[in-house]
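>>> please find the sequence and the predicted model below.
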Amino acid sequence: MFQLYNSLVNRTFNKILYLFGFLKNRWCLAIVDKKFKIKKIIIPPKNFFWADPFFIKYKNKNYVFFESYSYLRKKGEIACGELKNNKIVNYKIIMKKNYHLSYPFIFKYKDNFFLMPETYQKKNLKIYKSIKFPVKWKLYSTNLKNLPTVDPTIIKIKKNFWLFANHMKNNISDFNKNLYLYKLDNLKFKNLNPHLKNPIITNLNGGRSAGSIFKIGKKLIRPSQINKDNFYGYGLKLSIIKKISLNNYKEKEIKKILPTDKNISGIHHISKIDDRNYLVDVCLKYSKNN
């Protein structure tokens, strides 16, 4: 009874906040420096939150792909904009479906751009190929059928692709802790080999991916989420990939990134811009719904 009462109170409080032009627990994009201190918070337009930013440079323009979630439609779509003067400009929705989309993992391979968004509600993994960057995409392959998958992340090492993905088998909390690793020869997934010790991580602390794997010097850095029971998206963990093969996977934690601002309750995604700046998303406890 107490939980039901508490839920009703929270919903009523949130409605009152909304009527007065405020949103509670709203994800926004932010730029941080190399010490991960916030330089600029980018507030989304009215009735939206923005999350899961992926930075990519193309023809001297700085693009950001991200999830644009509509509070009115209760659904995420994939948006893309340009990063200029610490602002997102000229943004538009570049992919929408009748199901939720998020985590627009984008990468380049053989002069082509590929987009692999999270489509867990369809219980598969879809890869799209750009036919007019950054606005037009064509379905390239459909993989991992009948397996709900979130935050799919690919890295190419030598001749092979490695796919990191989180699956749900029994409980939705599996998404936040069970990390699976696969080796594949190409993006059609014809030869998909699961790691012999899958899931390679079974922990809320670092089990779920949090953006593209990037380099610091020559070291491969895998960002992951720090989640808690009943608390999604609390913080970030950065780890060096030490070993990766079908028999072995090892990583070493080098950094935890946790909320420090009193109005920020979470941070759960990171994308490297350059050696001095990163894009993240942060959850504001309260924000003006402009």
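Looks like it came in fine. Here the structure is a predicted model, which means the values were calculated and not measured. Numbering: from 1, shown residues only.

>>> next helix or strand past the lengthiest strand in the chain?
Criterion DSSP state E: the longest strand present in the chain is strand 231-244. Per DSSP states H and E, the first helix or strand lying C-terminal to strand 231-244 is strand 249-257.

>>> quick one: strands adjacent to the very next helix or strand once past that next one?
For strand 249-257, the following helix or strand on the C-terminal side (DSSP H and E) is strand 264-272. Paired strands of strand 264-272, with direction, are strand 277-288 (antiparallel) (DSSP bridges).

>>> list the buried ones in the partner strand?
Residues 277-284, 287 are the ones in strand 277-288 that count as buried (16 or more other C-beta atoms under 10 Å). C-beta coordinates here come from the backbone N, C-alpha and C atoms, glycine included.

>>> now stretch 181-196
Buried residues in stretch 181-196, counted by 16+ other C-beta under 10 Å: 181-184, 187, 189, 195.

>>> and that stretch, how far apart are its ends?
End-to-end distance for stretch 181-196: 9 Å, by C-alpha to C-alpha, to the nearest Å.

>>> let me see the mean pLDDT of it.
Average pLDDT, stretch 181-196: 94.

>>> centre of the chain to that stretch, how far?
Remark: stretch 181-196 is offset 21 Å from the chain centroid, using C-alpha atoms, centre = their mean, to the nearest Å.

>>> begin at 21 from here
New numbering, starting at 21: the last item is stretch 201-216.

>>> re earlier: pick out whichever of the buried residues of stretch 201-216 sits closest to residue 76.
Nearest to residue 76 among these is residue 207, at 17.1 Å by C-beta to C-beta.

>>> ok so, going back, strands paired with the longest strand of the chain, and their directions?
Sheet pairing for strand 251-264, using DSSP bridges, gives strand 239-248 (antiparallel), strand 269-277 (antiparallel).

>>> need the ones you listed in JSON lines with mean pLDDT, mean neighbour count and distance to residue 90, can you?
Formatted as JSON lines, the strands paired with strand 251-264 follow (pLDDT from 0 to 100; neighbours: other C-beta atoms under 10 Å; distance: least, C-beta to C-beta, whole Å):
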{"stretch": "strand 239-248", "mean pLDDT": "97", "mean neighbour count": "21", "distance to residue 90": "23"}
{"stretch": "strand 269-277", "mean pLDDT": "98", "mean neighbour count": "15", "distance to residue 90": "28"}
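
>>> can I get those strands in JSON lines with distance to residue 158?
JSON lines is the format used below for those (distance: least, C-beta to C-beta, whole Å):
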{"stretch": "strand 239-248", "distance to residue 158": "29"}
{"stretch": "strand 269-277", "distance to residue 158": "33"}
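
>>> tell me which of those strands lies nearest to residue 56.
strand 269-277 (5.0 Å).

>>> what sits up against that closest one?
Contacts to strand 269-277, defined as C-beta atoms under 8 Å, 6 or more residues apart in numbering, come from residues 56, 201, 215, 217, 220, 226, 241-242, 246, 255-263, 287, 290, 300.

>>> which among the residues you listed end up buried?
Buried among the contacts of strand 269-277 (16+ other C-beta under 10 Å): 56, 201, 215, 220, 226, 241-242, 246, 255-259, 261, 287, 290, 300.

>>> by mean pLDDT, flag the weakest helix or strand of the chain.
Here the helix or strand of the chain ranked lowest by mean pLDDT, DSSP states H and E is helix 22-39, holding a mean of 47.

>>> C-terminal to it, what's the next element?
Next along from helix 22-39, by DSSP H and E: strand 42-53.

>>> which residues of the stretch 121-270 of the chain fall in strands?
Secondary structure of the stretch 121-270 of the chain by DSSP state E, counting those that start in this stretch: the strands cover 122-129, 132-138, 145-152, 156-163, 169-177, 180-187, 198-204, 212-214, 221-222, 225-229, 234-236, 239-248, 251-264, 269-277.

>>> in a markdown table: the ones you listed, plus distance to residue 77.
Output for the strands of the stretch 121-270 of the chain, formatted as a markdown table (distance: least, C-beta to C-beta, whole Å):
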| stretch | distance to residue 77 |
| --- | --- |
| strand 122-129 | 10 |
| strand 132-138 | 12 |
| strand 145-152 | 15 |
| strand 156-163 | 19 |
| strand 169-177 | 18 |
| strand 180-187 | 22 |
| strand 198-204 | 26 |
| strand 212-214 | 30 |
| strand 221-222 | 31 |
| strand 225-229 | 22 |
| strand 234-236 | 13 |
| strand 239-248 | 18 |
| strand 251-264 | 21 |
| strand 269-277 | 23 |
